[in-house]
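>>> quick one, fold the following:
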Amino acid sequence: MADQEDELQMALRMSMQQQQPISSPPEPKRSKPREMNNSSAGEPPSEVEKESPELKTRRIQRELMAAAAEKRMMMMTGTMSKTPSPPNVSVSGADGRSDSEVKTSEEVKVSEVKMSEEVKVREVKMREDLGEELSVEAANQLFFMVFGESVTKEVLAQWTNQGIRFSPDPETSMGLVQHEGGPCGVLATIQGFVLKYLLFVPEESSDNASRTSPRSWKRESVTPENFASLSEDIRKRALVKSMAEILFRCGSNKKAVVATLDVLDHNDESDGPLDEIILRALEGFSIECASDLQKTLRVTSYTSSVSAMQGLETMLPMFESRMGAMLFLISALLSRGLESVQDDRDDPSLPLVTAPFGHASQEIVNLLLCGQAVANVFDERIDLGGGMFLKGVTTDVEVGFLTLLESLNFCKVGQHLKRPKLPIWVVGSESHYTVLFAFHPSVQDENEMEERESRIRRAFDAQDQSGGGGFISVEGLHQVLKETGINLPNDKLDRLCSAGFIVWSEFWQVLLDLDRNLGGFKDSSGLMGKKVFDLYHFNGIAKSVSSGNQGETPFQRPRITKLKVSVPPRWTPEEYMAEAAPPSSSSGSESGGKDAVVTVTEPPQHAPLVDCIRTRWARANCNWTGDQPSIV
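Have a look, this model is predicted:
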């Protein structure tokens, strides 16, 4: 019996001395042999010797079984620690402590370092997702395609000091704020898609306890008055989805390339929010030439939108940093492919960032809106002969485009950009891009006469080979009349064709004076298509705004302006030619997407933005409160 006890004790000691896995949690306490407990407590040996051999054997066997079970649990814990799950598995010890007691002690330790661990995990994840570096040749091509050969330090500074960040001002919290001139074309386009997801796409979430479920999300509930109630989570998810959609559109819906910078110090053990770590890493960092770009730029390709959004969410602190706008432009160019970008353009020798002020070119805006870096805003393309073409927009778009230059007759925006799927438009001026939007798609609804006008205009534009000049050939006119079912009397037809070409304004005048049964628009009532609705204009550039209190320093923020738009009835021929003054009061069938009667008593106001709006809604009258909306 003594030999058996010695063997059991030796086995017990060996089991207790087994080396444990490094990743296993601290060993739970185990009850010691009674001899040790008694001796440590000062009990005389005679007390131990009184224990019968049978009781002693059963006690040692129980402790051996507990030790063996404990060893198996440790081995299982070691296996689990190799998975991504955090090593916080707890077990019941032989001392009788429950799992909840052990777990509570572990949770206290975890809570102390939780924030630091999250930062480290995101930092490690970011480093893992940095991707591949560009070749020297690709980096050179990319840099000179964007900036050209003689870019100034001022222009580079504009594009390397603009992050993609939401405004901290509650009134404009749904908007991306701009501090530097130049990248506004990138920011305004992203802003348009962010509005799409905030206003017209239900929020998706599986966490009903902390987020709005798709069924309870109501697009109509989002108004300028409660923009501040949109959580940071919702806004950032809208931003990530917008960036992913734009990049996939650039990649022909087959791929998205995400570009970032390898600037984090791999030996940096400092704690803090990841955006602050990136901010410190970018101190003193600059890009002055193609080699600077090649050394730090890293790219990752994604073929599914889910993986792309996961990658963008991980990299979001980098896009929020001062390099964000330039990184997103590079991502879009690489998603499209550098060779495809050059093929899209009419003149690939010019830089995409225009000199001397570093503004985003129309090619950049079109790339982000429709996925092709074309330089023109008209529909389809124009055949110049000899195999040469001017390339326009060939597909319908989610977010449209209006420009002041059309009101000045420098270009013609086609129907693809002028009538997007959603009532959101990037607005271009000579030097800046802003955003115009409505809360209800009904602002684009057309009545029967408007739909017919749109069909005729599309047919006319399809025959327009003047580069947006607004005139067609005699042969083109006959094709338009055939496609639209217009029956022009011979005298009117001869008068139109006498100059050898037909201008849209003259053609439209003839249609207004042509009876409806012949395909025209003559209507003695003059009450066709009366509309009243609201539009909102957002200018993301931070400007000084006074709080209204004397002695207080003005603060800088973006601006959002509400415009009440009234579109008068269809013109009679006399009104069209004479530009008759609009009525002082009117009633309409639309206001914010709902039937309503609205009386406009104040005289219409004017600003350059109104000229842009009139390229979409002819002869629209606008009113607003406060300072006039600025498109510069």
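>>> any weak-confidence spans in the protein?
1-130, 204-221, 265-271, 467-469, 523-529, 545-554, 570-601 (pLDDT under 70).
>>> at 80 what do you get?
Within the chain, the segments meeting pLDDT under 80 span 1-130, 180, 203-225, 265-272, 446-450, 465-470, 523-530, 544-555, 569-602.
>>> longest strand of it?
strand 531-545 (DSSP state E).
>>> next structured bit after that one?
strand 555-567 (DSSP states H and E).
>>> so what's residue 294 closest to, chain neighbours aside?
Spatial nearest neighbour of residue 294, excluding adjacent residues (CB to CB, 6 or more residues apart in numbering): residue 139 at 3.5 Å. From N, CA and C alone the C-beta is placed, and that goes for glycine too.
>>> the helix or strand hosting the one you found packs against which elements?
Assigned by DSSP H and E, residue 139 falls within helix 136-147. Other helices and strands packing on helix 136-147, by 3 or more CB pairs under 8 Å, 6 or more residues apart in numbering; DSSP states H and E, are helix 153-159, helix 290-296, helix 324-336, helix 338-344.
>>> residue 133: which of the ones you listed is closest?
Nearest to residue 133 among the helices and strands packed on helix 136-147 is helix 290-296; the distance by CB to CB comes to 6.9 Å.
>>> other residues contacting the next helix or strand after that closest one?
Next in sequence after helix 290-296, counting helices and strands by DSSP H and E, comes strand 297-302. For strand 297-302, the external contacting residues (CB atoms under 8 Å, 6 or more residues apart in numbering) are 129-134, 139, 255-262, 308, 311, 330-331, 334.
>>> in strand 297-302, which residues are buried?
297-302 (16 or more other CB atoms under 10 Å).
>>> same question, stretch 462-475
Neighbour-count burial for stretch 462-475 [16+ other CB under 10 Å]: 462-465, 468, 470-473.
>>> and if you look at stretch 162-175?
For stretch 162-175, the neighbour count (16+ other CB under 10 Å) marks 162-167, 169, 171-175 as buried.
>>> same question for stretch 176-187.
Result for stretch 176-187 [16+ other CB under 10 Å]: buried residues 176-178, 180-187.
>>> again with stretch 495-504
Neighbour counts over stretch 495-504 (16+ other CB under 10 Å) mark 496-497, 501-502, 504 as buried.
>>> these: which two are farthest apart?
497 and 504 (14.4 Å).
>>> quick check: residue 350 vs residue 343, distance?
Distance of residue 350 to residue 343, given as CB to CB, to the nearest Å: 15 Å.
>>> my bad, should have said residue 199
35 Å.
>>> who has more neighbours, those two?
residue 199 (21 against 13; other CB atoms under 10 Å).
>>> circling back: with respect to residue 366, which of the helices and strands packed on helix 136-147 lies nearest?
helix 338-344 (8.3 Å).
>>> now do the next helix or strand after that closest one: everything it contacts.
Downstream of helix 338-344, the first helix or strand assigned by DSSP H and E is strand 353-354. With CB under 8 Å, 6+ apart as the test, strand 353-354 has contacts from 146-148, 151, 155, 159, 182, 359-361, 364.
>>> change it to 10 Å
Residues outside strand 353-354 that contact it (CB atoms under 10 Å, 6 or more residues apart in numbering): 145-148, 151, 155-156, 158-159, 182-183, 185, 326, 329, 359-364.
>>> can you tell me the strand partners of it and which way each runs?
strand 359-360 (antiparallel) (DSSP bridges).
>>> could you point out which element follows the strand it pairs with?
helix 362-370.
>>> helix 324-336 and that following helix, what's the angle between them?
70 degrees (axes from the mean of the first three to the mean of the last three CA atoms, to 10 degrees).
>>> after helix 362-370, which helix or strand is next?
Following helix 362-370 in sequence, per DSSP H and E, is strand 381-385.
>>> flag every buried residue along that next one.
residue 382.
>>> sheet-wise, list the partners of it with their directions.
With DSSP bridges as the test, strand 381-385 pairs up with strand 388-391 (antiparallel).
>>> with just CA atoms, put the partner strand into CSV.
Output in CSV follows, covering the C-alpha atoms of strand 388-391 (Å, rounded to 0.1, in the frame of the first residue of the first chain):
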residue,chain,number,x,y,z
MET,A,388,-12.1,60.9,-84.4
PHE,A,389,-14.8,61.3,-81.8
LEU,A,390,-15.6,63.6,-78.9
LYS,A,391,-16.7,61.3,-76.0
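>>> quick one: the helices in the stretch 201-350 of the chain?
Here the stretch 201-350 of the chain has its helices, by DSSP state H, counting those that start in this stretch, at 232-250, 274-281, 290-296, 305-320, 324-336, 338-344.
>>> remind me what the third one packs against, helices and strands.
This points to helix 290-296. Helix 290-296 sits against strand 132-133, helix 136-147, strand 256-261, with contacts defined as 3 or more CB pairs under 10 Å, 6 or more residues apart in numbering; DSSP states H and E.
>>> what angle do the longest one and strand 256-261 make?
With the same axes, to 10 degrees as the basis, helix 136-147 and strand 256-261 are set at 90 degrees to each other.
>>> in helix 136-147, which residues are buried?
Buried, per 16+ other CB under 10 Å, within helix 136-147: 138-143, 145-147.
>>> neighbours around residue 283, how many?
Neighbour tally, residue 283, other CB under 10 Å: 7.
>>> actually, residue 394.
Neighbours of residue 394 (other CB under 10 Å): 14.
>>> residue 379 is in contact with that one, correct?
Yes: applying CB atoms under 10 Å, one finds residue 394 in contact with residue 379, separated by 7.5 Å.
>>> common neighbours of those two, please.
414, 416.
>>> what about the strands in the stretch 451-600 of the chain?
471-473, 501-503, 531-545, 555-567 (DSSP state E, counting those that start in this stretch).
>>> quick one: which of these is nearest residue 279?
That would be strand 531-545 among the strands of the stretch 451-600 of the chain, by CB to CB, at 18.8 Å.
>>> can you point out the buried residues in that closest one?
531-542.
>>> by contact count, what packs against that strand?
Under the contact definition 3+ CB pairs under 10 Å, 6+ apart, strand 531-545 sits against helix 184-199, strand 424-428, strand 433-437, strand 555-567, helix 608-614, strand 621-623.
>>> how about a cut-off of 7 Å?
helix 184-199, strand 433-437, strand 555-567 (3 or more CB pairs under 7 Å, 6 or more residues apart in numbering; DSSP states H and E).
>>> what comes into contact with the longest one?
Pointing back at helix 184-199 there. Helix 184-199 is contacted by residues 164, 174-176, 178, 219, 222, 230, 238-239, 241-243, 245-246, 325, 328-329, 359-360, 364-365, 368-369, 398-399, 422, 424, 426, 432-435, 437, 439, 538, 540-541 when judged by CB atoms under 7 Å, 6 or more residues apart in numbering.
>>> now that helix and strand 531-545, what's the angle there?
130 degrees.
>>> helix 184-199 relative to strand 433-437, how many degrees between them?
With the same axes, to 10 degrees applied, the angle from helix 184-199 to strand 433-437 works out at 20 degrees.
>>> how far off strand 555-567 does helix 184-199 point, in degrees?
70 degrees.
>>> with only the CA atoms kept, save helix 184-199 in PDB.
Presented in PDB, the C-alpha positions along helix 184-199 are these (Å, rounded to 0.1, in the frame of the first residue of the first chain):
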ATOM      1  CA  CYS A 184     -13.800  69.900 -54.200                       C
ATOM      2  CA  GLY A 185     -14.600  67.800 -57.200                       C
ATOM      3  CA  VAL A 186     -13.800  64.700 -55.300                       C
ATOM      4  CA  LEU A 187     -15.500  65.700 -52.100                       C
ATOM      5  CA  ALA A 188     -18.700  67.000 -53.900                       C
ATOM      6  CA  THR A 189     -19.100  63.700 -55.800                       C
ATOM      7  CA  ILE A 190     -18.600  61.600 -52.700                       C
ATOM      8  CA  GLN A 191     -21.100  63.900 -50.900                       C
ATOM      9  CA  GLY A 192     -23.700  63.200 -53.600                       C
ATOM     10  CA  PHE A 193     -23.500  59.500 -53.000                       C
ATOM     11  CA  VAL A 194     -23.500  60.000 -49.200                       C
ATOM     12  CA  LEU A 195     -26.800  61.800 -49.500                       C
ATOM     13  CA  LYS A 196     -28.100  58.900 -51.600                       C
ATOM     14  CA  TYR A 197     -27.500  56.500 -48.700                       C
ATOM     15  CA  LEU A 198     -28.700  58.900 -46.100                       C
ATOM     16  CA  LEU A 199     -31.900  59.900 -47.800                       C
END
